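> turn this into a structure:
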Amino acid sequence: MSRRLGARAGAGLLVVAAAAWLALVEVFWLPLRVAGVLVPVSVVAAVTGNLLLVPLAHRLTGSRLVAALPALVWLTVAVAGSIRRPEGDLLVTGGGATGLVNLAFLLCGVVAAAFAVGRVLAAASLSPRRTGSGTGGAR
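A predicted model of the protein is given here:
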């Protein structure tokens, strides 16, 4: 039993670490330009990452709380990128085409995360709960 719990905890930790890494990469991809044209790859990555990592965390751990952690980690990193640091650094900026991509990144990422968490919570509440010892003795 302890080994199984450790495996679930490790899987949850890996998914949360992947969410943090992906969110950080997405924030740095925001100003990506190819041949001078702004490419909104961060928006696609935010939506895809949030829609995939939340159910993956639930599937690997079986915990609804852990399933919400990738979305919360993504939101934390995205919001942290939009707050000016004491040194003056600001990653998620506003204004012009870059501001529109940044706004789409934040909006679509949050909506995808909320949708994924809601879907996991709804599916978990609809699935029948196991009761008893699992031996099949009492009916």
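> quick one, grab the pLDDT at Thr131.
Model confidence at Thr131, expressed as pLDDT, equals 61.
> tell me where the model's unsure across the chain.
Along the chain, the model assigns pLDDT under 70 to residues 1, 127-139.
> which parts of the helix ranked longest in the chain are buried?
When the chain is scanned for its longest helix (criterion: DSSP state H), the result is helix 96-126. By neighbour count on 16 or more other CB atoms under 10 Å, the buried set for helix 96-126 is 98, 101-102, 104-106, 108-110, 112-113, 116-117, 120. (Each C-beta comes from the backbone N, C-alpha and C, glycine too.)
> against which helices or strands is that helix packed?
Contacting helix 96-126 under the criterion 3 or more CB pairs under 8 Å, 6 or more residues apart in numbering; DSSP states H and E are the following elements: strand 37-38, helix 41-61, helix 64-81.
> go through those and name the closest to Val27.
Across the helices and strands packed on helix 96-126, Val27 has its closest neighbour in helix 64-81 (4.1 Å, CB to CB).
> same for that closest one, what does it pack against?
Taking 3+ CB pairs under 8 Å, 6+ apart as the contact definition, the neighbouring helices and strands of helix 64-81 are helix 2-29, helix 41-61, helix 96-126.
> and the second one, which residues are buried?
I take that to be helix 41-61. 41-43, 45-47, 49-50, 52-58, 60-61.
> thinking again about what came up before, export the helices and strands packed on helix 64-81 to JSON lines and tack on distance to Val79?
Written out in JSON lines, the entries for those read as follows (distance: least, CB to CB, whole Å):
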{"stretch": "helix 2-29", "distance to Val79": "10"}
{"stretch": "helix 41-61", "distance to Val79": "13"}
{"stretch": "helix 96-126", "distance to Val79": "8"}
